[in-house]
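J.: Prediction below, plus the sequence it came from.
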Amino acid sequence: MTEGAAAHGSRRFTAREAIALVSTGFTGFTDFAHPAPAGSPGSYGPDGPLSWQGYDASRARAADRTGEEESVVCGTAAVQGADGAATPAVLISFEFGFLGGSLGERTGDRLVAAHTYAREHRLPVVSLVATGGSRMQEGMRALVQLQRAARQSALTRAAGLPQIAVLRDPTTGGGWATLGAGADVILALPGAQVGFAGSRVRPADADPAAYTAEAQWAAGAVDAVVPERELPEALALWLRLLTAPSTDPVPPPPALGDTALPATGWEAVRAARAPRRPRSEAYLDACFVRRAAISGDRCGGVDEGMLCGFGVRAGDGRTVAYAAQTGTATRPAGYRTAARLIRLADRLGVPVLTLVDTPGAANDAAAERQGAGAAIAELFAAVASATTPVTTLLIGEGGSGGALALAAPDNTWATPDSYFSVIAPELAAAILKRPPEEVRATADQLRIRPQDLVELGVVRGIVEREREREEEREREEERERER
């Protein structure tokens, strides 16, 4: 471990050590773009495009020291989980020992080759990032490689292929702002230095704790901080989840709570607000045998009341994306995270399950400053424009537009212990200047019970418990035999 790595608490791997940590059977690419012919645009004399004195010698020393010809190593490998299932992928691994893992023009050539191969062979891209930024000895010819990297990432995204970044120590500058932060799923090793500004160029009084993997996770820019020993399995799971498209919609999960329908609107409210009612975690545990979460809105925010990710569905092993409210008022970061999840699932062809359970959108001053209206609009648009099937189950409170934003038009179901309302009964009574004793009557007027929602055409049906479903299937089969 180098002195810099020790300071940040993260081991610094060589490019090939990082590859060996997460994969087997690596085959490196050797066919990259060749330098332009002498005298043509883009051809350089000694010491590169700027004739930077000693640059060629520095490259030679870096090659002798690392055994690599450039700051990135690219190729294909199999990423295998503990269950033995392996997913082939294109790997891009940075060699920090080669001029600080900096991006130069030849680095850009390799990134183009890697993404091109991935698109031609329909493979996911995994970037194992460790870089100090763009190579100053090549000046603007180095900086414009960020545009090439962004272009290749965009083309791979448009091709419907997933991109996963693993942030090593350090991940700074343009490498973080393209291959790192631009990935679909971002994992980071604990203690890694992560930030656009490297340690030598940030303000002298800057808090170093803000430039860590943990800080980026807290700010919603990283999905998970994964210990080294857990990284191979985590990466294998993510690759499995993101490379298993399906065109079939997800059936609504069975109810986990009381299946007795409420007699009144207020009974429906009390059932949905009951402290011991099954919540999203219970439904997700019942739906999936394994799942992996995404975290954060990529805009500096995290809402713990919105659970988003992908999972392996119990029963058929299909990959399903999920976005689930947990009964709290949903914050702008939660809506943006759910929109990010749905857009990603749509692009990869993965069906989506959403669980609605919120008294409504957060309405405090902080939420307004964080763009509550725009965030809710973003989620409405993501659901409305999704071509992948979206299924919604109302499992508790459905508070106005803050709940409806997560609901699938024409494919929303309800549990018996839930309600959906244009406004909470208490607030409706207050607006109508009714006394508190009329809140219950107002709840009935709003017609918010699950059975009311079915009659109004707002939900497709009311789900039963699994045992009741089986009994109904058996009765249906018996009726078919009698016919």
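T.: Arrived safely.
J.: ok, which stretches of the stretch 151-300 of the chain are helices?
T.: Remark: helices of the stretch 151-300 of the chain, listed N- to C-terminal, are 173-175, 213-218, 231-242, 265-272, 280-287; assignment by DSSP state H, counting those that start in this stretch.
J.: hmm, I was thinking of the stretch 1-150 of the chain
T.: Per DSSP H, counting those that start in this stretch, the stretch 1-150 of the chain carries helices over the ranges 3-8, 15-22, 55-66, 105-121, 140-143, 145-158.
J.: Of all these, which one is nearest Glu397?
T.: Using CB to CB as the criterion, the shortest distance between Glu397 and the helices of the stretch 1-150 of the chain is 35.8 Å, found for helix 145-158. From N, CA and C alone the C-beta is placed, and that goes for glycine too.
J.: mind listing what's buried in the closest one?
T.: Along helix 145-158, the positions that meet the burial threshold by neighbour count (16 or more other CB atoms under 10 Å) are Gln145, Leu146, Arg148, Ala149, Gln152, Ser153, Thr156, Arg157.
J.: relative to helix 105-121, how tilted is it?
T.: Interaxial angle of helix 145-158 relative to helix 105-121 (axes from the mean of the first three to the mean of the last three CA atoms, to 10 degrees): 10 degrees.
J.: what's the average pLDDT for helix 145-158?
T.: Average pLDDT, helix 145-158: 97.
J.: Now do the same contact list for Pro332.
T.: Applying CB atoms under 8 Å, 6 or more residues apart in numbering, we find Pro332 in contact with Asp297, Gly301, Asp303, Ala362, Ala367, Gln370, Gly371, Ala372, Ala374, Ala375, Ile376.
J.: let me fix that: Pro359
T.: Listed by CB under 8 Å, 6+ apart, the contact partners of Pro359 are Gly327, Thr328, Ala329, Glu397, Gly399, Gly402, Ala424.
J.: per-residue confidence for it?
T.: Taken from the predicted model, the pLDDT recorded for Pro359 is 96.
J.: What of Ala7?
T.: 45.
J.: so where's the stretch 351-483 of the chain shaky on pLDDT?
T.: 467-483 (pLDDT under 70).
J.: so how far is Ile19 from the residue most central in space within the chain?
T.: The centre of the chain sits closest to Ile294, judged by CA atoms, centre = their mean, with a distance of 3.9 Å. Here the criterion is CB to CB, to the nearest Å. By it, Ile294 lies 24 Å from Ile19.
J.: wait, isn't the residue nearest to the centre of the chain in contact with Ile164?
T.: No - with contacts defined as CB atoms under 8 Å, Ile294 does not count as touching Ile164, sitting 11.3 Å away.
J.: what residues do these two have in common as contacts?
T.: Overlap between the contact sets of Ile294 and Ile164, as judged by CB under 8 Å, 6+ apart, is given by Val185.
J.: Not counting sequence-adjacent ones, nearest residue to Gly399?
T.: With CB to CB, 6 or more residues apart in numbering as the criterion, Gly399 has its nearest non-adjacent residue at 3.4 Å, and that residue is Gly360.
J.: tally of neighbours for the one you found?
T.: 19 (other CB atoms under 10 Å).
J.: go on, the one 5 residues further on?
T.: As a burial measure, the neighbour count of Ala365 was computed by other CB under 10 Å and equals 7.
J.: Got the phi and psi for it?
T.: Its backbone dihedrals place Ala365 at phi -60, psi -40, with angles given as degrees, to the nearest 10.
J.: Next one: it from Ala372, what distance?
T.: 10 Å.
J.: rewinding a little: find the nearest non-adjacent residue to the residue nearest to the centre of the chain, please.
T.: Sequence neighbours aside, Asp223 is the residue nearest to Ile294 in space, at 4.8 Å (criterion: CB to CB, 6+ apart).
J.: residues near that neighbour, how many?
T.: Applying other CB under 10 Å, we find 25 other residues in the vicinity of Asp223.
J.: which residues touch it?
T.: Asp223 sits next to Val185, Ile186, Leu187, Trp217, Ala293, Ile294, Ser295, Gly296 when contact means CB under 8 Å, 6+ apart.
J.: just Cys308 next, same as before
T.: Applying CB under 8 Å, 6+ apart, we find Cys308 in contact with Ala293, Ile294, Ser295, Ala321, Tyr322, Ala323, Ala324, Thr337, Ala338, Arg340, Leu341.
J.: got TSV for those residues, with secondary structure, pLDDT and distance to Val73 too?
T.: Rendered in TSV, the data for the contacts of Cys308 read as follows (DSSP: H, G, I helix; E, B strand; the rest coil; pLDDT from 0 to 100; distance: CB to CB, whole Å):
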residue	secondary structure	pLDDT	distance to Val73
Ala293	strand	97	30
Ile294	strand	97	28
Ser295	coil	97	29
Ala321	strand	98	32
Tyr322	strand	98	35
Ala323	strand	98	36
Ala324	strand	98	39
Thr337	helix	98	33
Ala338	helix	98	36
Arg340	helix	98	30
Leu341	helix	98	32
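J.: what's the closest of the residues you listed to Thr392?
T.: Ala323 (9.5 Å).
J.: how far away is that closest one from Arg449?
T.: Ala323 sits 25 Å away from Arg449, taking CB to CB as the criterion.
J.: among the helices of the stretch 151-300 of the chain, which is nearest Asp205?
T.: Nearest of the helices of the stretch 151-300 of the chain (CB to CB): helix 213-218, 16.3 Å.
J.: Mean confidence (pLDDT) on that closest one, please.
T.: Averaged over helix 213-218, pLDDT sits at 96.
J.: Check the offset of it from the chain's centre.
T.: Centroid separation between helix 213-218 and its chain, computed with CA atoms, centre = their mean, to the nearest Å, is 15 Å.
J.: Could you do stretch 172-185 as well?
T.: Computed by CA atoms, centre = their mean, the chain-centroid distance of stretch 172-185 equals 14 Å.
J.: what does stretch 75-88 give?
T.: In terms of CA atoms, centre = their mean, the gap separating the centre of stretch 75-88 from the centre of its chain is 21 Å.
J.: Report the separation between the nearest residue to Thr116 once chain neighbours are set aside and Gly182.
T.: Spatially, and ignoring its direct neighbours in sequence, Thr116 is nearest to Gln152 (7.5 Å; CB to CB, 6+ apart). Using CB to CB, one gets 10 Å for the distance from Gln152 to Gly182.
J.: Ile19 and Ser127, how far apart?
T.: 12 Å.
J.: swap in Arg447?
T.: 52 Å.
J.: Who has more neighbours out of those two?
T.: Comparing Arg447 with Ser127 by neighbour count (other CB under 10 Å), the higher total belongs to Ser127, at 28 against 18.
J.: contacting residues for that one?
T.: Under the criterion of CB under 8 Å, 6+ apart, the contact partners of Ser127 comprise Leu91, Ile92, Ser93, Gln163, Ile164, Ala165, Val166, Leu179, Gly180, Ala183.
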